[in-house]
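Enquirer: show me how the following folds:
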Amino acid sequence: MADHSEDACKKVDVGITRVFGLLGKRWTGPIISVLMERAAYFAELRRAIPGISERMLSDRLTELGAAGLVLREVDEGPPLRVSYRLTEAGAAMEPALKELSLWADSYLWKKPEEPC
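Expert: Residues are numbered from 1 along each chain as shown. Below is the predicted model:
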């Protein structure tokens, strides 16, 4: 029989709440996934993530930058180009994200992969 006492009811972990508050947003995972492979220009990110709008990509990159996970670098040009890369803190997520990917491969229903 399950224990439903007040002591047994724990609140959700604050760290998990913070992580999923940021990483649980739509498009954040794919952005980080691309940046784990390499630094990328804005246009490269947009092409690598089908369906994302410029506005949404810009908003998510701004949020990730404010969280200290992504660094924005401006190449003065000409032409002026903006690239993004993971910070040390962002890159430190790689082992955890790889484990989540392995878990997803084992336990979540997979759709057929789309051709590149």
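Enquirer: how about the helices in the protein?
Expert: Here the chain has its helices, by DSSP state H, at 14-23, 28-37, 42-48, 54-66, 88-91, 94-107.
Enquirer: give me the neighbour count for residue 35.
Expert: Using other CB atoms under 10 Å, residue 35 has 23 other residues around it. Any C-beta I mention is one placed from the backbone N, CA and C, and that applies to glycine too.
Enquirer: contact partners for the residue nearest to the spatial centre of the chain?
Expert: What sits nearest the mean C-alpha location of the chain, by CA atoms, centre = their mean, is residue 29, with 3.1 Å. By CB atoms under 8 Å, 6 or more residues apart in numbering, the contact set of residue 29 is 23, 97.
Enquirer: quick one: low-confidence ranges for this protein?
Expert: Residue ranges of the chain with pLDDT under 70: 1-9, 110-116.
Enquirer: right, and the helices of the chain - which one's nearest residue 78?
Expert: Closest to residue 78 of the helices of the chain, according to CB to CB: helix 42-48, at 15.5 Å.
Enquirer: in terms of secondary structure, what does the closest one contact?
Expert: Judged by 3 or more CB pairs under 8 Å, 6 or more residues apart in numbering; DSSP states H and E, helix 42-48 is in contact with helix 28-37, helix 54-66, strand 81-86.
Enquirer: please give the centre-to-centre distance between the shortest one and its chain.
Expert: Its chain's C-alpha centre and that of strand 81-86 lie 15 Å apart, by CA atoms, centre = their mean, to the nearest Å.
Enquirer: that one packs against which elements?
Expert: Of the remaining helices and strands, those touching strand 81-86 by 3+ CB pairs under 8 Å, 6+ apart are helix 28-37, strand 40-41, helix 42-48, strand 70-75.
Enquirer: now swap in the longest one and tell me
Expert: Helix 54-66 sits against helix 28-37, helix 42-48, strand 70-75, with contacts defined as 3+ CB pairs under 8 Å, 6+ apart.
Enquirer: so for residue 93, which of those sits nearest?
Expert: Checking the helices and strands packed on helix 54-66 against residue 93 by CB to CB gives helix 28-37 as the closest, at 6.9 Å.
Enquirer: got the CA coordinates for that closest one in PDB?
Expert: What follows is helix 28-37, C-alpha atoms only, in PDB (Å, rounded to 0.1, in the frame of the first residue of the first chain):
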ATOM      1  CA  THR A  28      16.000  24.500 -27.000                       C
ATOM      2  CA  GLY A  29      17.000  20.800 -27.300                       C
ATOM      3  CA  PRO A  30      17.700  20.900 -31.000                       C
ATOM      4  CA  ILE A  31      19.600  24.200 -30.700                       C
ATOM      5  CA  ILE A  32      21.900  22.700 -28.000                       C
ATOM      6  CA  SER A  33      22.200  19.500 -30.000                       C
ATOM      7  CA  VAL A  34      23.600  21.400 -33.000                       C
ATOM      8  CA  LEU A  35      25.900  23.500 -30.900                       C
ATOM      9  CA  MET A  36      27.300  20.400 -29.200                       C
ATOM     10  CA  GLU A  37      28.700  19.400 -32.500                       C
END
